[in-house]
Every structure is written in C-alpha cells, then in structure tokens.
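Student: Starting from these lines, generate the structure:
(one chain, ligands or ions: 1)
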Amino acid sequence: MRSLSKREFLGSISATLVASTFASLASIERLFAQVATVAPDALAADEEFWESIRKRYTITRDFIQLENGYYAATAEPVLDSYIGHVRDVNLISSYYMRTQQADDKLAVRRELARLLGCSEAELIITRNTTESLDTVISGFDWKPGDEAVMAESDYGSMLDMFKLQARRHGMVNHVVSVPLHPQSDDEIVAVYEKAITPKTRLLMVCHMINITGQILPVKKIVEMAHRRGVQVMVDGAHTFGQLDFAIADLGGCDYYASSLHKWLGAPLGSGILHVRKDRIKALWPMFADSSFADDDIRKLNHTGTHPAPTDLAIRDAIRFHDAIGIARKAARLRHLQRYWTDKVRGVKGIVVNTPGAMERSCATANAGIDGIAPAELAKMLFDRYRVFTVAIDGAGVRGVRVTPQLFTTTRELDVLVDALKALAAAQ
Ligand SMILES: Cc1ncc(COP(=O)(O)O)c(C=O)c1O
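Tutor: Now for the predicted structure:
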C-alpha cells in the first residue's frame, strides 16, 4: 500500500473544518492589525472593540461567568480546531500515535518555549500545574531535616504534596503568611527571607496568589533565595498567558509551571513545566523512562498514552493569543478588574482583599462583605443576581474571588458592583 502523507490522511475528514478555523483565526489577526497603533491601555477601555472579541466565544446566557480563574472557555476558532484534531487523530488512531505525535508535541513545545522565552530543552508539556509542580516536589532528593518554605496562601495540592514529602522523608515545611496589602516589595521578600535557615533547600512562591490575585515580586524573591543558596519553584498557574513576562524576568528561577487551560485559552488538561538546564539532572522522575539521559528534561514527561489532540490544540490557542498580543490582553484584563474594584473599594461594609497598586494585580481580585460568610455571599450572588464567583475562606482571606476574561463586559461587572453594594447596604 502506498503510504499516505498526513495531509492526505487528514484532508479527507476535516479539511472544511480546518479551513473555517484558519479563516476565523485570520480574521482575528486582521482585526488586531487594524488597531496595531492604539496603545494597549487605550484599547482596553474600548467596549465596542472587545465586543467583537466576545463574539468569538460562545457565552452562556444562564449566568454571568466570573469564575474564569479555574478554567476559561476556549474561543470558538480554537475549539473548532480542537474538535478537528480529535477527529483527525481518531481517524488514523495508532498510526498517528506511532508516527506523528512525538514530532508534533516537540513542535508545540518549540512554540511554547518561544512564548516563555526559554530553551526548548528546558520545557515539557504536561497536563496541568499540579502535575508539573508535584513532579518537582516529589522529584527532589529530600533528606531528613531538609527544609522547604512556602506560603499559607499557596495552592492546596502543592501544600499537600510538601506534607507528603515531610511524612515520607522527614523533611520540614515552613509556612509563611504573605500580607494582603503590602507596602513594598521588600516587605514581602523579608517575609520569605525570615523563614530561610541553613537547612532550606527549596522555596515555593506563587507568581500570582490564586485566592486574591496578588502578584508577588518573584524576581526579588528569587534573587534573595539564590543569595542564600535556596532553589525557587514558581507557581505560575495564573500568569502564563495573562501577564506580559518572559522567564528571564523571574530572576533565573529554577522551576516554573503553569496551566494552559487557564490563560492561554487551550483546552482542559494542558500545562507546562520549565526546569532550568542545570537542575534537570538531580530531579527524580515521577514515572520512569530510561530512554532519556538524566539531564534530558523529557525523562520527566513519560505519562503514558495521553490525549494528543489537546497538545495539538495548544498551537491554535497560541495563534489566537498571539493575534491579540499579551500586552493588549493584560491591559484589558487589568482594566476589567479595576473597573469593578475601583467602584467598591472604600464602600462601607465591602472589604477588597486585593492590593490597590496597579502592578500588584491583573485580572483577578477578591472582595468580601462584613457580616456575610464567603460561601453565603457566593450563593447570594448566584441565586439572586446570576453572578458566578467562588467563595474563598482561608489563609486570612474572606470573600469571593472574581475573575473576568476577555469576553467579559463592563455591563456584566456593573451587575456585580450593584449586587455587592446592595448586599453590603442591607447588612
Ligand atoms: C495557584 C495555583 N496553583 C496550582 C493550581 C493547579 O492548577 P491545575 O488544577 O490546572 O493543575 C491552581 C489551580 O487553580 C492554582 O490556582
């Protein structure tokens, strides 16, 4: 049998779908090309313009979706392409997995490395931040008495993974408390520095704290920790695809991880792990793979048969993301957050748990109401106003986390503002 090229194989089933996806992506590129000279901050406030981006998403009419920090809906052109990849891979099934998937995954990795500004040899595609960070935490060669530093506001799964290492290896965890409203970067750096001892080997820090949206001065924390001989693992679950940065801006951090289904707009179940070249060798893989050398990051990436179409759709998400441009995306997201927090900050009975300084937050913020428990507040917002948020009640934070996305409108945020004010006034 004549061997068919991938194009011939795939052309039979999804040519129409692929063509329409490319047309949609190209139309987004044209749309943004028209505003190439408009400053991101000016464009951020142009509701009419962003309305045309909203049209690229299918938005539920049942409620106002303001919990986009967990996982955000994929834009239609990316979703169409993803469905096309599912069909394509399904059509030739094992043939695709045996002949094509490894090369395709490397090609996607190349594009992700470009976005993060790192070498391909320091990056792998994982399923999510949890898998990435837990690979590092569990792959560390912990000895009894070794110490790690982290914050109470860090993500629960990672804190649990550190606790597991403590039980298993007798290492010790020091948990710090990050101020909700810091006066300076130095104040935050000092909190972490105080917890370091001569036995500290690893420090975990969130690039953006998920429960409040506070952005931490990661570069300064990394530089301080490195001066003390401590490695730093950055939890970037909420920053890749939301903030305008490259890995070099994080002070040479040793490890960085993110989930692509949060802010890059890729389908559920996609993430990255960056390990600095000189740190790869010492990490033990979670799943063994003797086909790669100890200093090849791919040794950390053997998860067995996995959904390859998801990896392929990352490329489509990158194209959509690139067309918007990270500076414009970050500016619009910050604008949306400031739009509602500026209206409720200082209102009697409303407590905003996110710092007010511009550089300390972007899309996500958190607010509570005196006298209303967070779970009750989230329920009231949903039942009475059809506004979906998530309750946060821990690590000194009591409120609801609100996370708009590119498709969020200021009209929707007005509903939130009016609801918060009405509920606070009724207390
Ligand atoms: C700060 C932080 N780290 C890690 C994670 C885990 O992400 P995932 O569930 O995609 O692995 C989350 C999820 O929301 C998070 O907010």
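Student: List phi and psi for S94.
Tutor: Main-chain dihedrals, S94, degrees, to the nearest 10: phi -60, psi -30.
Student: For it, report the pLDDT, please.
Tutor: Here, the pLDDT recorded for S94 equals 98.
Student: swap in the one 4 residues further on?
Tutor: At R98 the predicted local distance difference test score is 97.
Student: Kindly report the same for E8.
Tutor: pLDDT for E8: 46.
Student: which residues touch L250?
Tutor: Residues in contact with L250 (Cβ atoms under 8 Å, 6 or more residues apart in numbering) are 207, 218-219, 222, 234, 256. Using the backbone N, CA and C atoms, a C-beta is placed for each residue, glycine as well.
Student: Quick check: the farthest pair among the residues you listed?
Tutor: K219 and Y256 (12.1 Å; Cβ to Cβ).
Student: which ones are touching the residue nearest to L106 when sequence neighbours are not counted?
Tutor: Computed as Cβ to Cβ, 6 or more residues apart in numbering, the closest residue to L106 that is not its neighbour in sequence is E120, at 7.6 Å. Taking Cβ under 8 Å, 6+ apart, we find E120 in contact with 106, 109-110, 113.
Student: Please apply the same query to V136.
Tutor: Contact analysis of V136 by Cβ under 8 Å, 6+ apart lists 233, 255, 257, 273, 275, 283.
Student: circling back to that earlier point, higher neighbour count, K219 and Y256?
Tutor: Neighbour count, other Cβ atoms under 10 Å: between K219 and Y256, Y256 has more, with 29 against 16.
Student: pLDDT at the more buried one, what is it?
Tutor: 99.
Student: List the contacts of it.
Tutor: So Y256 contacts 116, 207, 233-234, 236, 247, 250, 273-274 (Cβ under 8 Å, 6+ apart).
Student: Pull the most distant pair out of those.
Tutor: For the contacts of Y256, and using Cβ to Cβ, no pair is farther apart than L116 and M233, which are 15.3 Å apart.
Student: These two: who's more crowded?
Tutor: Counted by other Cβ under 10 Å, L116 and M233 do not tie: M233 has more neighbours, with 25 against 21.
Student: and that one, bridged to which residues?
Tutor: For M233, the beta-bridge partners under DSSP bridges are M204, Y255.
Student: Next one: it from C206, what distance?
Tutor: 10 Å (Cβ to Cβ, to the nearest Å).
Student: can you give me the helices in the chain?
Tutor: 6-34, 40-44, 47-54, 76-99, 101-116, 129-139, 156-169, 185-194, 218-227, 277-280, 308-324, 326-344, 374-385, 410-425 (DSSP state H).
Student: Between those, which one is closest to the ligand.
Tutor: Closest to the ligand of the helices of the chain is helix 129-139 (Cβ to the nearest ligand atom; 3.3 Å).
Student: For the ligand, tell me whether the closest one is touching it.
Tutor: Yes: in terms of Cβ under 6 Å from any ligand atom, part of helix 129-139 sits within range of the ligand, namely 129-130.
Student: Equivalent analysis for stretch 356-372, please.
Tutor: No: Stretch 356-372 does not reach the ligand (Cβ under 6 Å from any ligand atom); its nearest approach is 9.4 Å.
Student: in the stretch 251-400 of the chain, what residue is nearest the ligand?
Tutor: S259 (3.4 Å).
Student: what number of residues lie near that residue?
Tutor: 27.
Student: quick one: stretch 196-209 to chain centroid distance?
Tutor: 20 Å (Cα atoms, centre = their mean, to the nearest Å).
Student: Let's see the distance spanning it from one end to the other.
Tutor: Terminal residues of stretch 196-209 lie 20 Å apart, using Cα to Cα, to the nearest Å.
Student: which parts of it are buried?
Tutor: 196, 200-209 (16 or more other Cβ atoms under 10 Å).
Student: Relative to S93, which of the residues you listed is nearest.
Tutor: Proximity of those to S93 (Cβ to Cβ) peaks at H207, which lies at 38.6 Å.
Student: Identify the residues contacting the closest one.
Tutor: Neighbour list for H207: 215-216, 218, 234-236, 238-239, 243, 250, 256 [criterion: Cβ under 8 Å, 6+ apart].
Student: rerun at 6 Å
Tutor: 218, 234, 236, 239 (Cβ atoms under 6 Å, 6 or more residues apart in numbering).
Student: What of T126?
Tutor: 132, 271, 273.
Student: The residues you listed into CSV, with extra columns for neighbour count and pLDDT?
Tutor: Listed next are the contacts of T126 as CSV, based on neighbours: other Cβ atoms under 10 Å; pLDDT from 0 to 100:
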residue, neighbour count, pLDDT
S132, 27, 98
G271, 26, 98
L273, 24, 98
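Student: so which of those comes closest to S94?
Tutor: Taking these together and measuring to S94 by Cβ to Cβ, the closest member is G271, at 25.3 Å.
Student: surely the closest one meets S132?
Tutor: Yes: applying Cβ atoms under 6 Å, one finds G271 in contact with S132, separated by 5.4 Å.
Student: so where's this protein shaky on pLDDT?
Tutor: 1-22 (pLDDT under 70).
Student: how about a cut-off of 80?
Tutor: Applying pLDDT under 80 to the chain flags the ranges 1-23.
Student: Around the ligand, pick out the residues from the stretch 1-150 of the chain.
Tutor: Residues of the stretch 1-150 of the chain that fall close to the ligand, judged by Cβ under 6 Å from any ligand atom: 70, 128-130.
Student: ok, now with 8 Å
Tutor: 69-71, 127-133 (Cβ under 8 Å from any ligand atom).
Student: Select only the buried ones of the contacts of H207 in PyMOL?
Tutor: To isolate the buried members of those in PyMOL, using 16+ other Cβ under 10 Å:
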select buried, resi 218+234+236+239
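Student: List just the nearest of the contacts of H207 to the ligand.
Tutor: G236 (8.3 Å).
Student: will you turn the contacts of V136 into TSV that also has distance to S153?
Tutor: What follows is the contacts of V136, written out as TSV (distance: Cβ to Cβ, whole Å):
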residue	distance to S153
M233	15
Y255	19
A257	17
L273	22
V275	24
L283	26
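Student: of these, list those near the ligand.
Tutor: A257.
Student: I'd assumed L260 was in contact with F240.
Tutor: No: between F240 and L260 there is no contact under Cβ under 6 Å: 7.2 Å.
Student: When these two are compared, which one has more neighbours?
Tutor: L260 (29 against 26).
Student: Go ahead and name everything in contact with stretch 347-354.
Tutor: 180, 212-213, 341, 344-345, 361, 365-370, 397, 399, 420, 424, 427.
Student: Since that was my last question, I'll sign off now.
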